[in-house]
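*Asks:* Got a predicted structure here, sequence first:
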Amino acid sequence: MDDAFIRHLYREHHQVNRLPSPHLIADWLDGILQFLFPEMSELRFATERAFRLHYRTNDLKLYTILDALSDQAVPPADTVRNAFEARLPHIHATLIEDAEAILSGDPAAVSRVEVITTYPGFYALAVHRIAHYLHELGVGLLARMLSEIAHSKTGIEIHPAAQIGRRFCIDHGTGVVIGETVHIGDDVKMYQGVTLGALSVKKEMARTKRHPTIEDRVVIYAGATILGGDTVIGADSIIGGNTWIVKSVAVGSRIYYDWRVPEQPTK
């Protein structure tokens, strides 16, 4: 191999800012989900003290991750860690609501345990709730790394900056894309293959609202594409499968794409 190329790569390796280990991030994420949901954990604790010690061991991983990001102009590790810990009860309560919404909205769901342990939509949303708060705390790179773990496992891509309300339900989920500036209200349900995206990907629009707003109690069926920062789907609307929407939809609308094979003329 060319010596100049080797030297060039060596200098890049030498000069790159520190980054946390992806394996450590994945381990910490697994640990925090297992802490929040015993259904996800193989461990059983003989005492509360052992349970608390287990949490602190996993918490040390977060501190190590945040310390490794100190070159990225993020807030101090202690500040982020303490704020995140204080937020955990709220994240947990919100996710329990999400699980109950999936259970009540899916006839195939038998129990909350089944939802928490097997539904990719719940897993992707659980990771998003965690990543979103870390994004709000100014740790955007870590939040993106977490969202990509969920994306790789479920096929559901949710930008950590997206704002998602209470009792959100993603059914099936594969191929769902939710962009950075999406706003989703409460009690929204969507199916696989839904895209909430931007009409333009120009770099100068990076700090503008580029993605749609979905108001409360909207249902979006499989394959629907909704684009644009000015696009608002009004509350209580139903968006049918395989629709393409780039303009706002009034409250209580029913939008369908009805494709039928034309009848053949009789001879």
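*Replies:* It's in. Numbers count the residues shown, from 1 in each chain.

*Asks:* what does stretch 227-242 rub up against?
*Replies:* With contact meaning CB atoms under 8 Å, 6 or more residues apart in numbering, stretch 227-242 is reached by 181, 185, 191, 195-199, 208-224, 226, 245-257. (Each C-beta comes from the backbone N, C-alpha and C, glycine too.)

*Asks:* And the residues you listed, which of them are buried?
*Replies:* Neighbour-count burial (16 or more other CB atoms under 10 Å) applied to those gives 181, 185, 191, 195-198, 209-224, 226, 245, 249, 253, 255.

*Asks:* Among those residues, which ones are in strands?
*Replies:* Secondary structure defined by DSSP state E assigns 195-197, 213-214, 219-220, 226, 245, 255 of these to strands.

*Asks:* Of those residues, which is the nearest to residue 160?
*Replies:* residue 196 (14.4 Å; CB to CB).

*Asks:* Is that closest one in contact with residue 182, as I believe?
*Replies:* Yes - the criterion here is CB atoms under 8 Å, and residue 196 meets it with residue 182 at 4.8 Å.

*Asks:* Check whether residue 134 sits in a helix, strand or coil.
*Replies:* helix (DSSP: H, G, I helix; E, B strand; the rest coil).

*Asks:* and the gap between residue 85 and residue 63?
*Replies:* To residue 63, residue 85 is 11 Å away according to CB to CB, to the nearest Å.

*Asks:* hey, where'd the strands end up in the stretch 1-150 of the chain?
*Replies:* Per DSSP state E, counting those that start in this stretch, the stretch 1-150 of the chain carries no strands over any range.

*Asks:* pLDDT below threshold where in it?
*Replies:* Under the criterion pLDDT under 70, no range of the stretch 1-150 of the chain is flagged.

*Asks:* now the closest residue to residue 144 other than its chain neighbours, what's its secondary structure?
*Replies:* Distances taken as CB to CB, 6 or more residues apart in numbering place residue 160 nearest to residue 144, at 6.2 Å, with adjacent residues excluded. Under the three-state scheme (three-state DSSP), residue 160 adopts coil.

*Asks:* ok, now which ones touch residue 160?
*Replies:* Contacts of residue 160 (CB under 8 Å, 6+ apart): 128, 131-132, 134-135, 140, 143-144, 146-147.

*Asks:* Mind putting the residues you listed into CSV with neighbour count and distance to residue 106?
*Replies:* Listed next are these as CSV, based on neighbours: other CB atoms under 10 Å; distance: CB to CB, whole Å:
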residue, neighbour count, distance to residue 106
128, 26, 19
131, 27, 24
132, 21, 24
134, 24, 29
135, 22, 28
140, 17, 33
143, 23, 28
144, 17, 29
146, 24, 25
147, 25, 24
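
*Asks:* ok, back up a step: pull the most distant pair out of the ones in strands among the buried ones among the contacts of stretch 227-242.
*Replies:* Longest span within those, CB to CB: 197 and 219, 18.6 Å.

*Asks:* what about stretch 73-81, start to end distance?
*Replies:* From its first residue to its last, stretch 73-81 covers 16 Å (CA to CA, to the nearest Å).

*Asks:* Repeat that for stretch 150-166.
*Replies:* For stretch 150-166, the end-to-end distance is 19 Å (CA to CA).

*Asks:* And it, how far out from the chain middle?
*Replies:* 2 Å (CA atoms, centre = their mean, to the nearest Å).

*Asks:* again with stretch 122-138
*Replies:* Distance of stretch 122-138 from its chain centroid, counting by CA atoms, centre = their mean, is 6 Å.

*Asks:* can you pull the buried residues of that stretch?
*Replies:* So, applying 16+ other CB under 10 Å, buried residues of stretch 122-138: 122-135, 137.

*Asks:* among those, which are in helices?
*Replies:* Among the buried residues of stretch 122-138, DSSP state H puts 122-135 in helices.
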